[in-house]
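Participant: kindly return the folded structure for what I paste below:
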Amino acid sequence: MMADPIFGAMGAASSGMETQSFRMRTTAENLSNIDTPGYRRKLLFFEAMKDGGVELSRLDLSREAGKERYDPYHPLADDRGMVTLSNVDAMVELADAREARRSFDANLQVFRQAQGFYRGLLSVLER
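Facilitator: Predicted structure coming up:
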């Protein structure tokens, strides 16, 4: 039957929108913690599913060290008076957010096209 490929496309596009929306939330969280000392950037890894969709395979913290700043009176200062800052780079996060938004929009367009095909199929069957 023709509906299976249509529903498959809608399902794949839905999972793509869901993962990209999670990616945008994670990017926003990283950006909101850019000034939080010791914060480590969250990294997302995705995996393709057999049905054509995408799912989150894991979430890790970046191992890249944050810059250090001398501030001996800061509550998080070490014995040397150094505070480790966040390792979030605003330009990288903004680029990731933009890419996630474009991917979300592309998946939305696929979903809408599949939905249009399904409506067309229903109208032919109703005749």
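Participant: hey, let's count contacts and neighbours off CA atoms from now on
Facilitator: Noted.
Participant: just want the most central residue of this structure.
Facilitator: For the chain, residue 23 is the residue whose C-alpha lies nearest the centre (Cα atoms, centre = their mean; 1.2 Å).
Participant: starting from the host helix or strand of residue 56, tell me which strands it pairs with and how they run.
Facilitator: Assigned by DSSP states H and E, residue 56 belongs to strand 54-61. Applying DSSP bridges, strand 54-61 is found paired with strand 42-48 (antiparallel).
Participant: quick one: residues contacting the closest residue to residue 89 other than its chain neighbours.
Facilitator: The shortest distance from residue 89 to any non-neighbouring residue, by Cα to Cα, 6 or more residues apart in numbering, is to residue 34 (7.5 Å). Residues near residue 34 by Cα atoms under 8 Å, 6 or more residues apart in numbering: 86, 87, 88, 89, 90.
Participant: turn these into JSON lines, columns for secondary structure and distance to residue 121.
Facilitator: Output for the contacts of residue 34, formatted as JSON lines (DSSP: H, G, I helix; E, B strand; the rest coil; distance: Cα to Cα, whole Å):
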{"residue": "86", "secondary structure": "coil", "distance to residue 121": "53"}
{"residue": "87", "secondary structure": "coil", "distance to residue 121": "51"}
{"residue": "88", "secondary structure": "coil", "distance to residue 121": "48"}
{"residue": "89", "secondary structure": "coil", "distance to residue 121": "48"}
{"residue": "90", "secondary structure": "helix", "distance to residue 121": "46"}
